[in-house]
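Asks: Pasting the sequence and the predicted model now:
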Amino acid sequence: MFLLKNVWISFAGFILSLGISVHAELPDRYLTAAFCALSIFFIYCLPGKINFRKRGFYFYLSLICALALGIFCFYIIHTLAAFLLLLGVFFISFFYVTSFSFLKIPVRSLPYAKGALIALCWTAACVAFPFVNSGQSIDFLFCVSHFCFFLALTIPFDIRDISVDQGVITTIAVKLGIFYSKLTAVLLLLFFFCWRIWFKPEFLLNPLFLFTIVYLLFLLLLVRKNSAGILFDILLDGSIVLLGLSYFIW
C-alpha cells in the first residue's frame, strides 16, 4: 500500500508538470514530467532513517532511483540555474524526509516548516523547474500562487497529525486549531483561484479547473483528525492530478 501511494503521488506530479509544460508550450515536456515524477517517487520512498548496516527493500529501491536520476540528469538538465534549483530542492527534501543513523538534522522541527517546505519543494520541482530548465522566464506570482495551493493541501495532513505533532512540532494546525486551520487552507485556495482568473480570465470557462477548486474545498470541509485514510492517501492528492489535467484545456 505504501508503494502504491508513492506511485500515485508521483503520477500526480507527472500530470501537473506535464500540464503546465503543455500550457506554456515548453520543450521536452514529457521528459521533464517523467524526471519530476521519478524525483518525487525517490524522495517519498526514502526510509525514515538511512542505516548502511540494515539495508531493507526501500533502501535498495531508493538507491536504484538515485542512480536512474543521476543518469537522467545528463539528458534532461539544460541550464545551470535548473541544476542549482534541483540541488536545493534535493537537499531540502532529503533532510526533511530522512536522516543518516549517525546524523540527525531536525528540519521539520522548525516552526511552521513542515507544510511550507513541502509546498516549496513541490512548487520548485513541478512548477518552476520546467520553465527554468527551458531557459524561459517565469512569472513570480505564478509560483507563489501554486505555493499557496500546495500549502493549502498540506494543512489537512497537519490536522490529521495534530495529536502527534502537538508539543513536538509547531504547525498551522497545532497553532490555530482545526477550525482556523481549515479557514487558512480555504483562504489560500481562494487566493490561488483569484490569481488564476485575474491574469487568465479564460480559466473561468475551464470546467475542470473550476471543478478542482470546488473538489478541494469540499475535501477541506470533510477533514477530521480521524478521517478515513483514503481521504489523505488518494482523494487529496487527486486534486493535483485534476489541476494538472485542467492545464490541458485552454
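Replies: Arrived safely.

Asks: where's W122 relative to L67, distance?
Replies: According to CB to CB, to the nearest Å, W122 and L67 sit 24 Å apart. Heads up, the C-betas are built off the backbone N, CA and C, glycines and all.

Asks: These two: which is more packed in?
Replies: With neighbours defined as other CB atoms under 10 Å, W122 and L67 compare such that W122 has more, 26 against 10.

Asks: how far out from the middle of the chain is stretch 139-156?
Replies: Mean-position distance between stretch 139-156 and its chain equals 9 Å (CA atoms, centre = their mean, to the nearest Å).

Asks: Give me the contacts around it.
Replies: The contact list for stretch 139-156, computed with CB atoms under 8 Å, 6 or more residues apart in numbering, reads 114-116, 118-120, 122-123, 126-128, 172-173, 181-182, 184-186, 188-189, 191-192, 195-196, 199, 216, 219-220, 223, 227, 231-232, 236, 239-240, 243.

Asks: Which of the residues you listed fall in helices?
Replies: 114-116, 118-120, 122, 172-173, 181-182, 184-186, 188-189, 191-192, 195-196, 199, 216, 219-220, 236, 239-240, 243 (DSSP state H).

Asks: contacting residues around Y44?
Replies: By CB under 8 Å, 6+ apart, the contact set of Y44 is K5, N6, I9, S10, V97.

Asks: buried subset of those?
Replies: The neighbour-count criterion (16 or more other CB atoms under 10 Å) marks N6, I9, S10, V97 among those as buried.

Asks: Now do the phi/psi pair for the second one.
Replies: Meaning I9. I9 has phi and psi values of phi -70, psi -30 when expressed as degrees, to the nearest 10.

Asks: Likewise for E25?
Replies: phi 60, psi 50.

Asks: What's the separation between it and L222?
Replies: Using CB to CB, E25 is found at 37 Å from L222.

Asks: swap in G135?
Replies: Distance from G135 to L222, by CB to CB: 42 Å.

Asks: where along this protein do the helices fall?
Replies: 2-23, 29-45, 57-76, 80-97, 113-122, 129-133, 140-160, 162-165, 172-199, 207-222, 229-230, 236-246.

Asks: Buried residues in the longest one, which are they?
Replies: Along helix 172-199, these residues count as buried under the neighbour rule (16+ other CB under 10 Å): 172-174, 181-182, 184-186, 188-189, 191-193, 195-197.

Asks: and it, what does it pack onto?
Replies: In terms of contacts (3 or more CB pairs under 8 Å, 6 or more residues apart in numbering; DSSP states H and E), helix 172-199 is packed against helix 140-160, helix 162-165, helix 207-222.

Asks: and it with helix 236-246, angle?
Replies: 10 degrees (axes from the mean of the first three to the mean of the last three CA atoms, to 10 degrees).

Asks: same deal with the first one?
Replies: Interaxial angle, helix 2-23 versus helix 236-246 (the same axes, to 10 degrees): 20 degrees.

Asks: One more: the fifth one?
Replies: When the same axes, to 10 degrees is applied, the directions of helix 113-122 and helix 236-246 differ by 30 degrees.

Asks: Rounded mean pLDDT for helix 113-122, please.
Replies: The average pLDDT for helix 113-122 rounds to 90.

Asks: Contacts for that helix, please.
Replies: 13, 43, 89, 92-93, 96, 107-108, 146-148, 150-151, 153-155, 157-158, 165, 169, 171-172.

Asks: Dump it to CSV, restricted to CA.
Replies: The C-alpha trace of helix 113-122 is given here as CSV (Å, rounded to 0.1, in the frame of the first residue of the first chain):
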residue,chain,number,x,y,z
ALA,A,113,8.5,24.4,8.4
LYS,A,114,6.6,21.1,7.9
GLY,A,115,4.0,22.3,5.4
ALA,A,116,6.0,25.2,4.0
LEU,A,117,8.9,23.1,2.9
ILE,A,118,6.7,20.5,1.3
ALA,A,119,4.9,23.3,-0.6
LEU,A,120,8.2,24.9,-1.6
CYS,A,121,9.7,21.7,-3.0
TRP,A,122,6.5,20.8,-4.9
